[in-house]
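Student: Pasting a predicted model and its sequence here:
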Amino acid sequence: SQQGEEDPQALSIQEGENATMNCSYKTSINNLQWYRQNSGRGLVHLILIRSNEREKHSGRLRVTLDTSKKSSSLLITASRAADTASYFCATARAGGTSYGKLTFGQGTILTVHP
Amino acid sequence: EAGVAQSPRYKIIEKRQSVAFWCNPISGHATLYWYQQILGQGPKLLIQFQNNGVVDDSQLPKDRFSAERLKGVDSTLKIQPAKLEDSAVYLCASSRKGQAITDTQYFGPGTRLTVL
């Protein structure tokens, strides 16, 4: 079953604007990861945030994590048409026997208009 | 370095037929994953290999799906017989160790399966 729920399901913005996507999950996690998927490059890892971290940056990406609310957000600043893609959060559970197992959310479809 | 390779890229079959997908992970990567991604959903893990041993196959429909990773390198995923609901993109991914829960997974382009 899908653990993460993402919000919104679809987001449409203009180039240069910021895009914020949210992810909620249900169980305790070791880390949360964000992936991007488009037809050209497939599914690509963007950023990982550990459960003991609250915020992380990578270029134009900013990820926050609130473990008390079991939620995360991905902010893309100064968006470009090339950012058009589906964005997925994926969680790695705390404990368990299957290292590396990720549970993906349903995804947010981002469209950036030139 | 070369990425994860998958073939075929597209496959169309009739229900009740069988089909096989092939994956070649990044060289040196010990862990290999097969995911199923139904249209409009996120990927769902079917099976995880560590070298040539199965680590997790809890979501693999074992009555019709099978997978193997001989010699701990290439892997094949088979469906026999296929059902309409198996229409999806099948993604293969690999990671360097798989023993570190923060290992990055690298995904192949996927095989889009249509069952008619």
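Tutor: Here it is on my side, so go on. Residues are numbered from 1 along each chain as shown, chains lettered A, B, ... in the order given.

Student: Now for residue B:66: which residues touch it?
Tutor: By C-beta atoms under 8 Å, 6 or more residues apart in numbering or on different chains, residue B:66 lies in contact with B:77-78, B:80. C-beta here means a position set from N, CA and C on the backbone, and glycine is covered the same way.

Student: Which residues does it form beta bridges with?
Tutor: Using DSSP bridges, the beta-bridge partners of residue B:66 come out as residue B:78.

Student: ditto for residue B:7
Tutor: Under the criterion used here (DSSP bridges), residue B:7 is bridged to residue B:22.

Student: same check, this time on residue A:71
Tutor: Beta-bridge partners of residue A:71, as defined by DSSP bridges: residue A:24, residue A:66.

Student: For the helix or strand encompassing residue A:56, could you pull out the residues that count as buried?
Tutor: In the assignment (DSSP states H and E), residue A:56 maps to strand A:55-58. Neighbour-count burial for strand A:55-58 flags residue A:56 (criterion: 16 or more other C-beta atoms under 10 Å in any protein chain shown).

Student: Please apply the same query to stretch B:9-23.
Tutor: By 16+ other C-beta under 10 Å, the buried positions in stretch B:9-23 come out as B:11, B:13, B:19, B:21, B:23.

Student: and the nearest residue to residue A:27 once chain neighbours are set aside, how many neighbours?
Tutor: Excluding its sequence neighbours, the residue lying closest to residue A:27 (C-beta to C-beta, 6 or more residues apart in numbering or on different chains) is residue A:93, at 5.7 Å. Residues near residue A:93, counting by other C-beta atoms under 10 Å in any protein chain shown, number 17.

Student: If anything else comes up later, I'll come back, but that's it for now.
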